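Asker: got a predicted structure plus its sequence, pasted below:
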Amino acid sequence: MFQKRREAKARKAELKRVNTELGEIRQNLNNAWQIFNSTTDPALTEACIYEINALRAKYDHVIKGARSYFL
């Protein structure tokens, strides 16, 4: 009985951690897009593209990890 409660509590904590991490990544992605859309400097544009691609990869990685944990 206590084992199930501990497992449920651990799953809930992991879900909360994943949601927090995904929220931070989404916020960073939105910020990168805002900078990308407002800049005219070619070097900054290129840096934004790299950052956006890196954040997308990180987001996908977190989603895959969450799917394997919860499914």
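Answerer: Nice, thanks for sending it over. What you are looking at is a predicted structure, and each value in this text was computed from that prediction instead of being measured.
Asker: buried stuff in the helix or strand where Ala54 lies?
Answerer: Under DSSP states H and E, the secondary-structure element containing Ala54 is helix 42-70. Taking 16 or more other C-beta atoms under 10 Å as the basis for neighbour counts, the residues of helix 42-70 that come out buried are 48, 51-52, 55, 58-59, 62, 66. All C-beta atoms are positioned from the backbone trio N, CA, C, and that covers glycine.
Asker: packing partners of that helix?
Answerer: Contacting helix 42-70 under the criterion 3 or more C-beta pairs under 8 Å, 6 or more residues apart in numbering; DSSP states H and E are the following elements: helix 2-38.
Asker: and the helix it packs on with helix 42-70, angle?
Answerer: Using axes from the mean of the first three to the mean of the last three C-alpha atoms, to 10 degrees, the interaxial angle of helix 2-38 with respect to helix 42-70 works out to 160 degrees.
Asker: got the buried residues for helix 2-38?
Answerer: Neighbour-count burial for helix 2-38, counted by 16+ other C-beta under 10 Å, picks out 18, 25, 28-29, 32, 36.
Asker: Throw these into JSON lines and include pLDDT, thanks.
Answerer: Formatted as JSON lines, these follow (pLDDT from 0 to 100):
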{"residue": "Val18", "pLDDT": "96"}
{"residue": "Ile25", "pLDDT": "98"}
{"residue": "Asn28", "pLDDT": "98"}
{"residue": "Leu29", "pLDDT": "98"}
{"residue": "Ala32", "pLDDT": "98"}
{"residue": "Phe36", "pLDDT": "97"}
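Asker: now find how far off-centre the helix holding Ala54 is within its chain.
Answerer: For helix 42-70, the separation from the chain centroid amounts to 7 Å (computed by C-alpha atoms, centre = their mean, to the nearest Å).
Asker: average pLDDT for it, rounded please.
Answerer: When pLDDT is averaged along helix 42-70, the result is 96.
Asker: sorry, back to before: in a markdown table, list the buried residues of helix 42-70 along with distance to Arg5.
Answerer: As requested, these are exported to a markdown table (distance: C-beta to C-beta, whole Å):
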| residue | distance to Arg5 |
| --- | --- |
| Cys48 | 46 |
| Glu51 | 42 |
| Ile52 | 41 |
| Leu55 | 36 |
| Lys58 | 32 |
| Tyr59 | 32 |
| Val62 | 26 |
| Ala66 | 22 |
